[in-house]
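Undergrad: here is the input, now give the coordinates:
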Amino acid sequence: MTSYEMAILLAKALDSKKGQDIKVLKTEELTTLADYFVICTATSNTQIKAMSDACEEEMEKNGEQAHHIEGHRGGTWLLMDFSSVVVHVFTDEARKFYDLERLWGDAQAVDLGEVLKPN
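TA: Numbering: from 1, shown residues only. Have a look, this model is predicted:
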């Protein structure tokens with residue numbers, strides 16, 4: 001599975017749990033950290049956990065496992081590292097604080113219009 005395919009599947013998994021403002025940023029030409037960042041806003045700690053579970057399940061179905069997960073016990077953010085794709089789930093306040101879209105402003109945004117369900 002390519003890193004692009006992983007990023008799209010992870011975005012869909014977040015969308016299936018009603019993730020808000022889902023963004024996929026192509027970072028492979030900017031950093032060695034990951035080829036893609038998937039960023040999403042959750043409305044509660046419970047939703048963050050549900051999104052984490054959905055991402056793990058989707059990747060396991062496709063033979064992939066998270067190499068590292070952190071933050072879910074704190075409740076305001078979650079990071080899931082799938083090597084070439086990193087998922088970031090934040091509460092609205094935490095997303096504004098970390099502002100990854102500004103930090104990675106040179107990254108190319110992937111068009112998700114054909115991929116995600118309209119709200």
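Undergrad: ok now the helix or strand bottoming out on mean pLDDT in the chain, how far from the chain's centre?
TA: Ranked by mean pLDDT, DSSP states H and E, the weakest helix or strand in the chain is strand 68-70, scoring a mean of 90. Remark: strand 68-70 is offset 12 Å from the chain centroid, using C-alpha atoms, centre = their mean, to the nearest Å.
Undergrad: and if you look at stretch 9-23?
TA: Distance, centroid of stretch 9-23 to centroid of chain: 8 Å (C-alpha atoms, centre = their mean).
Undergrad: now do the same end-to-end measure for it.
TA: The first residue of stretch 9-23 is 13 Å away from its last residue (C-alpha to C-alpha, to the nearest Å).
Undergrad: neighbouring strands for the least confident helix or strand of the chain, and are they parallel or not?
TA: Applying DSSP bridges to the sheet, strand 68-70 is found paired with strand 77-81 (antiparallel).
Undergrad: ok, residues contacting the partner strand?
TA: Strand 77-81 is contacted by residues 34, 48, 51-52, 55-56, 66-72, 86-91, 94, 98 when judged by C-beta atoms under 8 Å, 6 or more residues apart in numbering. (Glycine included, C-beta is placed from N, CA and C.)
Undergrad: and if you look at stretch 111-119?
TA: Against stretch 111-119 from outside (C-beta under 8 Å, 6+ apart): I8, A11, K12, D15, I22, K23, V24.
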